[in-house]
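Peer 1: how would this look folded up:
(2 chains)
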Amino acid sequence: MQEYSDEELIRLFADPLQRNYAFNLIIIKHQERLYHHIRKMVIVHDDADDLLQNTFIKAFKGLNAFREDSKLFTWLYRIATNECITFLNQKRKRFFLPIVDVEKELSYHLETGNQISGDRIQMKLQQALLTLPTKQRLVFNMKYFDDLKYEEISEILGTSVGALKASYHHAVKKIEEFMLQH
Amino acid sequence: MKDIHNINKKFEAGDGDYQRSPFQVPDGYFEEMPSRIQNRLQLSIEKDTNAHLYILKPMFAAAVSLIILVLGFQLFINKDDFNSDPFQQHLSLEYYLDFDESDEAELASAFYYALLDDETPSYLAVHQDENDEWMNLIDEELGWELYDYQ
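Peer 2: Okay, here's the model as predicted:
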């Protein structure tokens, strides 16, 4: 299969006859990274699956209005991130009782859920990540696992590079503390 | 403790094992994703196309309810007209009221009409005669009220 650049895919998508073909190529190109980004945030495969599909459907509807002043990948990442934040906020509203919290529920899924098979080190890191606030977790995931540049994360989250660096630094410190205590 | 320090060293250096995601996907998940999304897109487009029906449905229901309400109200305020028996009106006008009382034959035929016709209310067949002693006697004895039926 011919490898298209994001710019070429957007141009292809603009042609109504090629739209579905172009969109399939966009899905194939970006689905894995987006899936893992979402999965790290929501832990459960079924939830990640739903959110990934929502992300692509929203992208399809908004791609005509997409301005090429940002990268397609960054734009898709932003939609996926917003989907994750909305999902977690809704989950928090559902667990309005203070004795149950979402992170505990996610941690439980991490220990018992399907489609998870990390070694002890990886699982421990994931447990540590669940102790972080949502935004810190996002920043850490994007920087540490997805190797995104601060400038790219800044574009996705709409936060300054300085604030992101501080956030990442705090996240690393908290994870190190968790590692020493557990 | 030594282990933990090694872990932390690995973590700080961004070691490959640490960075590997522990999350897996079912077999063939990514291969099926484009067709699954296309199916959902098709459903979503159909839903958007039929959106006007979802808006019109409540409006249609509201319009029908309003019509029923107006008709019901009209029925309620004109219930006497609806309840009136056309046959009864016909009889009272044609056979009981418009006859010449002085004509005994006509009076008798109107009276018999009333008696023979099952659907005619009995009170229309009663022609009260103040001079009828028997009627007065019955009213007094039974305590009936006297109604003027004409």
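
Peer 1: tell me what the lowest-mean-pLDDT helix or strand in chain A is packed against?
Peer 2: Across the helices and strands of chain A, mean pLDDT, DSSP states H and E gives its lowest value to helix A:102-112, namely a mean of 74. Helices and strands touching helix A:102-112, by 3 or more Cβ pairs under 8 Å, 6 or more residues apart in numbering or on different chains; DSSP states H and E, are helix A:72-94, helix A:120-129. Where you see a C-beta, it was placed from the backbone N, CA and C, and this is true even at glycine.

Peer 1: is it possible to export those helices to CSV including mean pLDDT, mean neighbour count and distance to B:E32?
Peer 2: Output for the helices and strands packed on helix A:102-112, formatted as CSV (pLDDT from 0 to 100; neighbours: other Cβ atoms under 10 Å in any protein chain shown; distance: least, Cβ to Cβ, whole Å):
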stretch, mean pLDDT, mean neighbour count, distance to B:E32
helix A:72-94, 89, 18, 19
helix A:120-129, 83, 19, 26
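
Peer 1: For those, give me TSV that also has distance to chain B.
Peer 2: As requested, the helices and strands packed on helix A:102-112 are exported to TSV (distance: least, Cβ to the nearest Cβ, whole Å):
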stretch	distance to chain B
helix A:72-94	13
helix A:120-129	4
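
Peer 1: would you turn those into CSV with distance to A:Y35?
Peer 2: Below are the helices and strands packed on helix A:102-112 laid out as CSV (distance: least, Cβ to Cβ, whole Å):
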stretch, distance to A:Y35
helix A:72-94, 9
helix A:120-129, 16
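
Peer 1: now for those helices, which one comes closest to A:F140?
Peer 2: The closest of the helices and strands packed on helix A:102-112 to A:F140 is helix A:120-129. By Cβ to Cβ, the value is 6.6 Å.

Peer 1: Counting by contacts, list what that closest one packs against.
Peer 2: Against helix A:120-129 (3+ Cβ pairs under 8 Å, 6+ apart) you get helix A:102-112, helix A:161-181, helix B:2-13, helix B:16-19.

Peer 1: pLDDT of the next helix or strand after it, averaged?
Peer 2: Heading C-terminal from helix A:120-129, the first helix or strand you meet, by DSSP states H and E, is helix A:134-140. In this model, helix A:134-140 has an average pLDDT of 92.

Peer 1: Is there contact, residue-wise, from helix A:134-140 to chain B?
Peer 2: No. Residues of helix A:134-140 contacting chain B under Cβ under 8 Å from any Cβ of the partner chain: none, with a closest distance of 11.2 Å.

Peer 1: just to revisit the earlier point, what angle do the least confident helix or strand of chain A and helix A:72-94 make?
Peer 2: Interaxial angle, helix A:102-112 versus helix A:72-94 (axes from the mean of the first three to the mean of the last three Cα atoms, to 10 degrees): 110 degrees.

Peer 1: I appreciate the help and will end here.
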